[in-house]
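Asks: model the structure of this input:
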Amino acid sequence: MRLRKKPGAPAKIAQYPQYIANMPEEWVGKWRERFNNNHPIHIEVGTGKGRFIIEMAKLHPEINYIGIELQESVIVAALDKLIEEQLPNIQLLHVNGGSLTQYFAKGEVDQVYLNFSDPWPKKRHEKRRLTYRSFLENYEEVLVPEGEIHFKTDNQGLFEYSLASFSQYGMILEQVWLNLHESDFEGNVMTEYEEKFSNRGHRIYRVVAKFPKRN
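Replies: Numbers count the residues shown, from 1 in each chain. You can find the predicted model right below:
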């Protein structure tokens, strides 16, 4: 579905370079310098309106968070939240999540979140799914050795596809939840979509998958 453009979004983004780097490729290998600390870096690919990453940053000031969102009209909503909260441990990137190696050095990222990604259900769109092999290669490149992906969705088809994709890539499925909200999992931070779908009675799926040790 094509999103409606939000008037004033480009100007708003340009107005806050302290939160959205104008030339993020210049920070490759130097993101901790931008945060002015040496804390771990967690990224969310497809951060949407920013609820998840904002709440995570508030709960974990010891972690640096970077939200990545391609849709201009969506990331500006996350920016509005960040302006209001003024959290020092969040940055936003208005870039394509499929090009992570252009913006992060090898091993610069400690953890990746994929929350309620577009399922792209048609077979011809398989390569657009954020858990397709080419995306996994990019995540592995920027993550620390044996880094983790934390993945949530309400789409059973995408979840099953992702479990298979992770396994075929050689990743270890450390934890799998087939009904997250009925489990004993503590500390779950919901996204806007998660709350919406859960309220409709949708089951929420979650998996933590770790990349294999390489020689």
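
Asks: what is the lowest-mean-pLDDT helix or strand in the chain packed up against?
Replies: Here the helix or strand of the chain ranked lowest by mean pLDDT, DSSP states H and E is helix 9-15, holding a mean of 88. In terms of contacts (3 or more C-beta pairs under 8 Å, 6 or more residues apart in numbering; DSSP states H and E), helix 9-15 is packed against helix 72-85. (Glycine included, C-beta is placed from N, CA and C.)

Asks: buried set for the helix it packs on?
Replies: For helix 72-85, the neighbour count (16 or more other C-beta atoms under 10 Å) marks 74-79, 81-82 as buried.

Asks: quick one: contacts of it?
Replies: The set of residues external to helix 72-85 that reach it, using C-beta atoms under 8 Å, 6 or more residues apart in numbering, is 3-6, 9-10, 12-13, 16, 19-20, 47-51, 53-54, 57-58, 67, 69, 90, 92, 94.

Asks: ok, then the element right after that helix?
Replies: strand 90-93 (DSSP states H and E).

Asks: can I get the CA coordinates of whichever helix or strand comes after that following strand in CSV?
Replies: Going down the chain from strand 90-93, the next helix or strand is strand 109-115, by DSSP H and E. Extracted C-alpha coordinates of strand 109-115, given in CSV (Å, rounded to 0.1, in the frame of the first residue of the first chain):
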residue,chain,number,x,y,z
VAL,A,109,26.0,-3.5,15.6
ASP,A,110,25.3,-5.7,18.6
GLN,A,111,21.6,-6.6,17.9
VAL,A,112,18.9,-6.3,15.3
TYR,A,113,15.2,-6.0,15.8
LEU,A,114,12.6,-6.8,13.1
ASN,A,115,9.1,-5.9,14.2
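
Asks: show me how far strand 109-115 is from its chain's centre.
Replies: 5 Å (C-alpha atoms, centre = their mean, to the nearest Å).

Asks: other SSEs contacting it?
Replies: strand 41-45, helix 51-59, strand 143-153.

Asks: just these: most buried one?
Replies: Of the helices and strands packed on strand 109-115, the one with the most neighbours on average (mean count of other C-beta atoms under 10 Å) is strand 41-45, at a mean of 24.

Asks: so what strands line up beside that strand?
Replies: Strand 41-45 has the following strand partners under DSSP bridges: strand 64-68 (parallel), strand 109-115 (parallel).
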